[in-house]
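Enquirer: what follows is a protein structure lacking sequence information:
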């Protein structure tokens, strides 16, 4: 398999190719799988995110920083970041996992991304891993509001609707522009019960959804 496109998206080229292959190998595929590398990547990720938060939010207390970090390293967030890399198409899975759609399963995607971080650390050291983590999390960190304890706009919108006993919003991709490796997604967020319709744009579907959700959240507070 050609891992070139993945490495370009990641912004890192491996010197030791077997490390990359191991990071992408699920235990259902072979005995040389990614669980040990994922264990290492989990710690690398937590350290990198802790450092970023420490640097960005000088006024926050330890407990607040911990809650922000927990939101950023949870399975759902990791799976979404993995989808931006199209990581599922590179994972080496056993036949059973392939048939059951394991390449789309959040837990497998999240573990694969952590293993990737661990493999970068082993291949290039902590500075290289920190650079990769920072690049993957750049948008999330840039738009993070510490007052909401790191909750993303989609989560905040969902919680607000649930508090008002309203159905969850509907998201749909209504357009894409650009080449496959540089696409701009256009996503619509609708809340029919409130006659709210917003449109977000982003380099991935997740980013576009978050922008649309943020606009809808703002309209609900007007």
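Expert: Nice, I can see it. Computed from a predicted model, the values in this text were never measured in an experiment.

Enquirer: and the residue most central in space within the chain, what pLDDT?
Expert: Nearest to the geometric centre of the chain sits residue 81, at 2.1 Å (CA atoms, centre = their mean). pLDDT, residue 81: 93.

Enquirer: how about the helices in this structure?
Expert: Along the chain, counting by DSSP state H, helices occupy 4-10, 17-23, 35-56, 62-72, 75-84, 95-99, 106-124, 126-136, 138-142, 153-163, 205-220.

Enquirer: for residue 171, which of these is the nearest?
Expert: The closest of the helices of the chain to residue 171 is helix 205-220. By CB to CB, the value is 5.2 Å. All C-beta atoms are positioned from the backbone trio N, CA, C, and that covers glycine.

Enquirer: could you list the low-pLDDT ranges of this protein?
Expert: Scanning the chain for pLDDT under 70 picks out the ranges 149-150, 179-182.

Enquirer: and it, what are its domains?
Expert: Structural domains annotated on the chain: 4-146, 153-220, as defined by automatic domain parsing.

Enquirer: the shortest one: how far from the chain's middle?
Expert: How far domain 153-220 lies from its chain's middle: 16 Å, per CA atoms, centre = their mean, to the nearest Å.

Enquirer: and what of stretch 96-112?
Expert: Using CA atoms, centre = their mean, the offset of stretch 96-112 from its chain centre is 15 Å.

Enquirer: so how far does it reach from one end to the other?
Expert: End-to-end distance of stretch 96-112 (CA to CA, to the nearest Å): 17 Å.

Enquirer: coming back round to it: out of the helices of the chain, which gets nearest to residue 175?
Expert: In terms of CB to CB, the element of the helices of the chain nearest to residue 175 is helix 205-220, at 9.7 Å.

Enquirer: just the helices of the chain: most buried one?
Expert: helix 106-124 (a mean of 24; mean count of other CB atoms under 10 Å).

Enquirer: now the angle from it to helix 126-136?
Expert: Using axes from the mean of the first three to the mean of the last three CA atoms, to 10 degrees, the direction of helix 106-124 lies 140 degrees away from that of helix 126-136.

Enquirer: helices or strands next to helix 106-124 in the packing?
Expert: helix 17-23, helix 35-56, helix 75-84, helix 126-136 (3 or more CB pairs under 8 Å, 6 or more residues apart in numbering; DSSP states H and E).

Enquirer: which one, of these, ends up nearest to residue 147?
Expert: Among the helices and strands packed on helix 106-124, the nearest to residue 147 by CB to CB is helix 35-56 (13.7 Å).

Enquirer: who does the closest one touch, helix- and strand-wise?
Expert: Applying 3+ CB pairs under 8 Å, 6+ apart, we find helix 35-56 packed against helix 17-23, helix 62-72, helix 106-124, helix 126-136.

Enquirer: export these as CSV, with columns for distance to residue 174.
Expert: Shown next, in CSV, are the helices and strands packed on helix 35-56 (distance: least, CB to CB, whole Å):
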stretch, distance to residue 174
helix 17-23, 35
helix 62-72, 28
helix 106-124, 25
helix 126-136, 26
